[in-house]
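Trainee: attaching a predicted model along with its sequence, questions to come.
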Amino acid sequence: MTIPMERPAAAQPTTRAVAGSSLTLEQVSYRYSKGSGGLGPIDLHVEPGDFLCVVGPSGSGKSTLLSLLAGFLRPQQGRISLGGQLVRGPHPQLTLVQQESALFPWLTVGGNVAFGLNKLSRPERETRVAEALQLVGLSGFKQRRPHELSGGQRQRVSIARALATKPGLLLLDEPFSALDIQTRTGLADELLAIWWEQKVTVVFVTHHLDEALHLGRRVVALKAGQIALDASARELTVGGLRGVLEQG
Ligand SMILES: Nc1ncnc2c1ncn2[C@@H]1O[C@H](COP(=O)(O)OP(=O)(O)OP(=O)(O)O)[C@@H](O)[C@H]1O
Ligand SMILES: [Mg+2]
């Protein structure tokens with residue numbers, strides 16, 4: 001992916017009302033077992049409506065961080081709060097999109113996107129599904145099954161499913177890494193447009209430093225479970241970021 005000289009219009013941090021939630025981590029740590037890999041202790045604050053990219057070498061704790069944020073793991077120390085409320089477990093305001101789309105193969109695209117909306121009335125659910133599919137450019141695909149879609153389309157359905165719940169925080173763990181470069185670049189730009197329109201707070205994990213600088217307004221680099229860098233994307237270059245990650 002090439003890095004534009006100018007950040008795309010959609011990513012300009014001009015004034016806009018935000019609907020996303022703030023996120024605060026205070027001295028959060030998690031170890032899978034005594035003396036093993038994990039994360040922390042870390043402090044982190046994400047402003048409502050911000051777009052944070054998390055980079056770092058394999059095993060540096062990126063997915064652990066997202067699992068903690070999603071409420072799938074409970075911190076052994078410290079606290080995580082979303083919009084001032086303590087995160088105690090999985091919550092509809094938090095949705096996680098992972099590397100491989102985890103769609104239900106027996107459900108249609110519409111059925112997959114509607115999953116998790118069972119508290120809504122049928123007409124409300126239909127409207128949400130239609131809106132979410134339109135956001136990801138798949139309005140005509142509602143009746144298809146996952147196996148009838150391309151990899152990029154399946155990831156778009158995963159994003160639509162996440163957006164349909166109108167989350168305050170959208171978490172994405174290397175969502176485009178199984179895709180070819182062109183599809184990845186196209187989806188990254190679509191995600192920026194969706195972020196701008198939906199005003200959701202985003203935490204996006206990627207291995208690709210150029211992708212992090214293209215998408216993020218802010219970038220955090222993790223190394224061995226610690227925050228090695230936390231900076232505005234505007235102040236960073238791919239070379240500078242690589243330098244931080246390669247420092248011993
Ligand atoms: N279920 C688990 N049990 C034990 N250790 C684990 C488990 N999951 C991850 N770890 C360890 O925790 C550390 C952080 O792993 P994590 O998956 O968060 O890294 P990552 O930055 O997402 O890596 P990658 O870029 O390869 O996805 C690593 O040392 C890893 O071996
Ligand atoms: Mg990972």
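Mentor: Nice, thanks for sending it over. Ligands and ions are numbered 1, 2, ... in the order given.
Trainee: show me where the protein has its strands.
Mentor: Using DSSP state E, the strands of the chain run over 23-31, 38-46, 51-55, 77-82, 85-86, 94-97, 169-173, 201-205, 218-223, 226-232.
Trainee: right, and those strands - which one's nearest residue 123?
Mentor: Comparison of these against residue 123 by CB to CB identifies strand 94-97 as nearest, at 22.6 Å. Placement of C-beta: from N, CA and C, glycine included.
Trainee: name every strand pairing with the closest one and say which way it goes.
Mentor: Strand 94-97 has the following sheet partners, assigned by DSSP bridges: strand 169-173 (parallel).
Trainee: and the partner strand with strand 51-55, angle?
Mentor: 30 degrees (axes from the mean of the first three to the mean of the last three CA atoms, to 10 degrees).
Trainee: check whether strand 169-173 comes near ligand 1.
Mentor: No. Strand 169-173 lies apart from ligand 1 when judged by CB under 6 Å from any ligand atom; the minimum separation is 7.3 Å.
Trainee: tell me the angle that strand makes with strand 77-82.
Mentor: Going by the same axes, to 10 degrees, strand 169-173 is angled at 120 degrees with respect to strand 77-82.
Trainee: contacts only, for residue 144.
Mentor: 108-109 (CB atoms under 8 Å, 6 or more residues apart in numbering).
Trainee: try residue 32
Mentor: With CB under 8 Å, 6+ apart, residue 32 has these contacts: residue 38.
Trainee: for it, what are phi and psi?
Mentor: phi -70, psi -40 (degrees, to the nearest 10).
Trainee: now do the one 4 residues further on
Mentor: Main-chain dihedrals, residue 36, degrees, to the nearest 10: phi -100, psi -180.
Trainee: which residues of the chain score low on pLDDT?
Mentor: For the chain, applying pLDDT under 70 flags the ranges 1-18.
Trainee: interface residues of it facing ligand 2?
Mentor: 62-63 (CB under 5 Å from the ion).
Trainee: contact partners for the residue of the chain found nearest ligand 1?
Mentor: The chain approaches ligand 1 most closely through residue 37 (2.2 Å), counting by CB to the nearest ligand atom. Residue 37 makes contact with 31, 59, 61, 225 under the criterion CB under 8 Å, 6+ apart.
Trainee: mind running it again at 10 Å?
Mentor: Contacts of residue 37 were listed using CB atoms under 10 Å, 6 or more residues apart in numbering, and they are 30-31, 59-61, 64, 224-225.
Trainee: ok, now residue 165?
Mentor: Residue 165 sits in contact with 91-95, 113, 115-117, 119-120, 128, 132, where contact means CB under 10 Å, 6+ apart.
Trainee: so how many other residues sit close to residue 110?
Mentor: 21 (other CB atoms under 10 Å).
Trainee: roughly how far does it sit from residue 218?
Mentor: In this view, residue 110 and residue 218 are 35 Å apart by CB to CB, to the nearest Å.
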